[in-house]
Structures are given as structure tokens and as C-alpha cells.
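Student: The amino acid sequence is not available; the structure is as follows:
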């Protein structure tokens, strides 16, 4: 055996040597073209109660993933009841007419399945991942949670107290204070995008079980939802069972959410929030920018990756690698149903707060004025192409990706044409996006830090009018 192993290794070494001798390592490999993505077709049907069902077959592994996507998120929360959508999601799986929360957990754990419920700005989601051989058992629990929740008072009280504790903890975290206050500052008190999706102390304390039931009965309707299924299953096999399991879930008209108009920022201001003794300052710079429906979506994405959307971005290379002000500087656009925020952010050394803000504006302004280079654009295009396949490694990931198609009314072949759309973006497209979305004179600057240390240096920069705010982002008179 040892002799055979040595012979095999010698043979392999000879082959490898012969192979490498044919490679000229002084010549850079030629870039490959944009890969063609062939994804399985989305099969569609609609149940008698109006629930749309989308199925993508994936038989490589004996797994099935479900994602119920509801077109209702925290954007529907009344201002006085912020946190309602996320609380309804938290309590939804705490009990049904026939199962307690413990029974739900035990049944799913026994078969290795997992169920999750969550909500964010634009939607609410109920997910399930299970082995194909346990599909019927897992699906029975899943449907029961969706159709027959009881919102038990004792579980609601427990989660309510946990939420209040979490809100108190948020007020001690500078990064959380900065992000939540920034949203309040740029969207104001009357827009859901300016509210904390987790609510506030008053809204959570005043929230009742009846509020949750009303929210569920209003928005958790089959005709307000799409059930995404990805995995080792066929439509003809699963559709009849779904009809039976969801037969008692009745359709009803869900109200259409009319959000206030998106605020605009007329001039730049400096918003300061005091965190005495803070070793770092949390910086947020931006404004309400673009909705998911914008035709500039791909150009904005590429432009932002160059500015602050990857490790090798301009912001990170400047503030982290060149100056050592921070562990990481970044920027991002949140594409919601209505214009979400652009925000450039970092936690920086307190003594370098004003210097960091100066470098933020340097990179934003030079991208705004001069755009990007063709080399930078090609680099980020290749990066997107190289990482794109990682989006579709598991049934759960595919189901998660498909929810964007549902929420934002994207074409069914969105992901098949994604890389082609990226490739089509020209340098001129990115320059126009930079001019349109990176005007720093219309951006708010929110900073959480030790004002005794940072205020004087920041005000000497003449960023704009200084506004002092509390930890909730409210102006202190």
C-alpha cells in the first residue's frame, strides 16, 4: 500500500510538472465573459382562497424551503403604534388553536425542521426549512401557525418585556443610537421610515393583544401574500395538500398603505448627540435617496460599491487603510418601496472625528464631481459576477432571493438577466448616478460622541447649522 501511494504521488508530481510547464505565468489570464445564469422556471398557481404559490424545483438535495411573503411590514405601523408589525411577527408562532409554543418547537425540532417569523420595512415573512421526508409533518405545523395563531397573552407579555429591555439597551449603544436617530432626523416624526421598527417605550407599553389580533386579521390574508417554495418537490404533489391546509384561511381586502411624501433636505446641517466619555464617535451622513423602482438601480449599486460598498472601496481605503481612523468605513443605499436612505457610516476614534468627517466629504465629493474610473468600474463588475452564484447555494437562499421579485414587482427572469444588466452599465451611467445621488450639500450629518471633545472641531469645519439632539434624534430646545 505504501509503495502504491508513493508511486501515485510521483506520477501526480510528474503530471503537475508537465502541466505547469505549459503555463506562462508572466502573462495575465484573460478575463472570462459574463457567465450565463440558467435558473429553473418559476411554476405558479393560485389556491382557491387567493394565495399565490410559486415553486422552483431543486432536486439536488432532499430539502424544501418555504417563504410566505406578505406585502405588509413596519411601513404600515401607525405612528402611535410603532413596532406593531415586528411584534405581531414575534408572537405569531407562540401558539395556535391546537398547539402551544412548546409543542410547536418540539414537533419541529424532532424532525429537524426550523420555522421563523420576521418583519422589516416593506414586508413580513414566515419561513420553513425541512427535509423532504418530513415535509407533511413540517408543513402541517407551518400552516397551523399561519392560519390559526392565538397570540397568547402570557407569551405576548413576556415578549413585550423583552422588547422594552432591548429598547433600553439600544440607548446605551452609540452605533444603534446613531442609526436610529439618523432615520428620525432625515424622515421626521410623521414618516414610518423615521420610526424604529421595534417601536419605542410608549408604543410598546401601550400595545395590547387586541392590537396584534387586529393587525393579523387586517394584513395576514392569503390574497395579500405569496408562498414561495424551493426544493425537492413538484407542484402536482404539493398543491392538493396546500389547498387542504390553507382552506380555512380566508381572503379579505387588505388596506392600501399610503405613506407620506418623502422628505427632502434643503441644506446640510450637523446633528450632534452627546455620549459622554465615548471612546469612539459614530458618524452617519446621508439623506432619503432612491426607491427600488428607480431605473438607476444597477448604476447606483456599482457606483456605491466603488464609494463604500466593499472592503477595497474609496471610503474604507481612505479612513481605515490610509489614516487608521476606523476599523471600517462604508456606504449603502436602502432600496425600499419608497425612497430609502443613502448613508455613509463609521465608528471613528473620538480625537479624529472632525478629520474623519473631512475625509468622508472628500471621497463623496470627488465621486460626485469626477465620477469613477473605468478600471474601478470593471473591478466591481467582476466582483459582482464572481460572487453572484453564492446567492443560490441553498433552497433557503433561493427562496430569500425570490422575495425581492414578489415585494418589488420585478420580472420573473430578474436573476437570470442580473449579470447582463450589470454588464450594460456604462461609465457614463455611473457618472450620472454620482451627480444625481451624491450631492453632499443636501445631506444630513449625524454624530454620536463626546461633545466636550468633538464639538469645537466639528463646528470649525462650518458643515452647517448645528442642531443638538437627544438619544432619540429629537431636537433639544
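Tutor: Good, I have the coordinates. The structure displayed is predicted, hence computed values, not measured ones.

Student: Pull the number of nearby residues for residue 401.
Tutor: When neighbours are defined as other Cβ atoms under 10 Å, residue 401 has 18 of them. The C-beta positions use only the backbone N, C-alpha and C, and glycine is treated the same way.

Student: Okay, domains of the chain per the record?
Tutor: As recorded under automatic domain parsing, the domains making up the chain are 43-245, 269-469.

Student: got those domains as a markdown table, with mean pLDDT columns?
Tutor: Shown next, in a markdown table, are these (pLDDT from 0 to 100):
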| stretch | mean pLDDT |
| --- | --- |
| domain 43-245 | 96 |
| domain 269-469 | 96 |
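
Student: Looking at these, which is nearest to residue 476?
Tutor: domain 269-469 (4.9 Å; Cβ to Cβ).

Student: Which strand or helix spans the most centrally placed residue in the chain?
Tutor: With distances taken as Cα atoms, centre = their mean, residue 334 lies nearest the centre of the chain, 7.8 Å away. Using DSSP states H and E, residue 334 falls within strand 326-335.

Student: Can you list the strands that that strand pairs with?
Tutor: strand 339-349 (antiparallel) (DSSP bridges).

Student: Which strands or helices does the helix or strand following the strand it pairs with pack on?
Tutor: Proceeding N to C from strand 339-349, the next assigned helix or strand is helix 353-370, under DSSP H and E. Applying 3 or more Cβ pairs under 8 Å, 6 or more residues apart in numbering; DSSP states H and E, we find helix 353-370 packed against strand 280-290, helix 297-307, helix 314-316, strand 326-335, strand 339-349, helix 427-437, strand 444-449, helix 451-460.

Student: number of nearby residues for the nearest residue to residue 454 once chain neighbours are set aside?
Tutor: Closest residue in space to residue 454, ignoring its immediate chain neighbours: residue 353 at 4.3 Å, by Cβ to Cβ, 6 or more residues apart in numbering. Per other Cβ under 10 Å, the neighbour tally for residue 353 reads 24.

Student: in terms of contact, does residue 353 touch residue 451 like I think?
Tutor: No - in this structure, residue 353 is not within contact of residue 451 by Cβ atoms under 8 Å, at 10.2 Å.

Student: Residues that sit against both of these two, list them.
Tutor: Residues touching both residue 353 and residue 451 (Cβ atoms under 8 Å, 6 or more residues apart in numbering): none.

Student: Nearest spatial neighbour of residue 76, chain-adjacent residues omitted?
Tutor: Going by Cβ to Cβ, 6+ apart, residue 76 has residue 257 as its nearest residue, at 5.0 Å.

Student: Tell me, what's the model's pLDDT at that neighbour?
Tutor: pLDDT for residue 257: 80.

Student: ok, now which ones touch it?
Tutor: Contacts for residue 257 (Cβ under 8 Å, 6+ apart) come out as 72, 75-76.

Student: circling back to that earlier point, please identify the most buried of the helices and strands packed on helix 353-370.
Tutor: Most buried of the helices and strands packed on helix 353-370, by mean neighbour count (mean count of other Cβ atoms under 10 Å): strand 444-449, with a mean of 27.
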